[in-house]
Structure formats: C-alpha cells, structure tokens
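> I need the structure of the sequence given here:
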Amino acid sequence: MQDLVDEPYFTRMDADRIKNLLMGSKGVVAHNFEYDRNVLQDQFWRVGKSRLLGDSKVLLTHFCTQSATFQAGYSSNANVSLAHAVKSVLGIDGYQGHKAQDDALAAANLFLALTENS
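The predicted model follows:
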C-alpha cells in the first residue's frame with residue numbers, strides 16, 4: 001500500500017508507468033483475482049489503454065486469497081466472501097469491507113496468514 005501513496009490517479013498515469021507497476025511487481029494479491037483483473041482491464045479500456053495487458057486472460061503473477069482460503073479448507077465454498085475469509089482464517093468477526101484500503105489490508109493479512117508456513 002505504501003508504494004501507492006504518492007502515485008497519481010489511474011486516469012493520469014501513462015501506459016509505461018502502469019505497465020511497470022503491474023509487470024515489474026513481484027505479484028498482485030487480491031481476494032477475488034478474476035474480478036479484480038477484469039476491473040483493471042475495464043479501467044485500461046476506459047482510459048484508452050486497452051491493449052496494455054493484451055488478452056483479458058493475461059497471467060499476472062498473483063495470489064488469490066479467495067482461492068487459497070478454499071484450497072486450505074477454511075471454506076467449503078469456492079466463492080468465499082472476504083468477510084468469511086477474514087473470520088475463518090484470521091479469527092476476526094464482523095468484518096464489513098467494501099472500502100478499497102480496508103479490503104486491500106484484509107487481503108494482505110490473509111496472504112500473510114495463508115502463506116505463513118509455506
């Protein structure tokens with residue numbers, strides 16, 4: 001998160017900067033990576049940079065906390081919500097979410113917890 005504090009809004013970033021942030025990163029952590037990748041693709045299209053990632057199924061190095069929560073046996077539902085993952089993996093009840101920063105921090109904490117013994 002700290003890496004993004006001084007970054008400009010998405011629409012003000014040039015294509016090279018966006019590409020460097022995504023492709024030059026060690027990876028992307030998201031709770032529902034498929035959804036987030038589609039949102040990014042839509043944003044690229046909206047600002048006229050639709051070919052930046054190429055195919056919508058482009059593979060970015062990523063860790064999907066939704067898939068990992070399911071695969072680790074914390075949920076019997078492959079489409080486990082972020083709130084359920086936070087409760088079952090981190091033991092935190094009542095997570096509301098749906099604010100970008102809160103969801104990013106929750107996904108980061110899930111990533112750390114799910115990869116702790118890897």
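> Only C-alpha atoms from now on, for both contacts and neighbour counts.
Will do.
> which helices and strands sit right next to the helix or strand that residue 84 is a member of?
If you go by DSSP states H and E, residue 84 is part of helix 82-85. Secondary-structure packing of helix 82-85 (3 or more Cα pairs under 8 Å, 6 or more residues apart in numbering; DSSP states H and E): helix 65-71, helix 100-115.
> The last one - contacts with which helices or strands?
Counting contacts by 3+ Cα pairs under 8 Å, 6+ apart, helix 100-115 packs against strand 28-30, helix 65-71, helix 82-85.
> tell me which residues in that helix are buried?
Of the residues in helix 100-115, 103-104, 106-111, 114 count as buried by neighbour count, 16 or more other Cα atoms under 10 Å.
> Format these as a markdown table; extra columns: distance to residue 82 and pLDDT.
Formatted as a markdown table, the buried residues of helix 100-115 follow (distance: Cα to Cα, whole Å; pLDDT from 0 to 100):
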| residue | distance to residue 82 | pLDDT |
| --- | --- | --- |
| 103 | 8 | 93 |
| 104 | 10 | 91 |
| 106 | 8 | 96 |
| 107 | 8 | 95 |
| 108 | 12 | 94 |
| 109 | 11 | 96 |
| 110 | 9 | 97 |
| 111 | 12 | 95 |
| 114 | 14 | 96 |
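> which of those residues lies closest to residue 91?
Minimum distance to residue 91 across those is 10.7 Å, recorded for residue 110 (Cα to Cα).
> Roughly how far does the nearest residue to the closest one once chain neighbours are set aside sit from residue 34?
Closest residue in space to residue 110, ignoring its immediate chain neighbours: residue 65 at 6.4 Å, by Cα to Cα, 6 or more residues apart in numbering. Distance, residue 65 to residue 34, by Cα to Cα, to the nearest Å: 11 Å.
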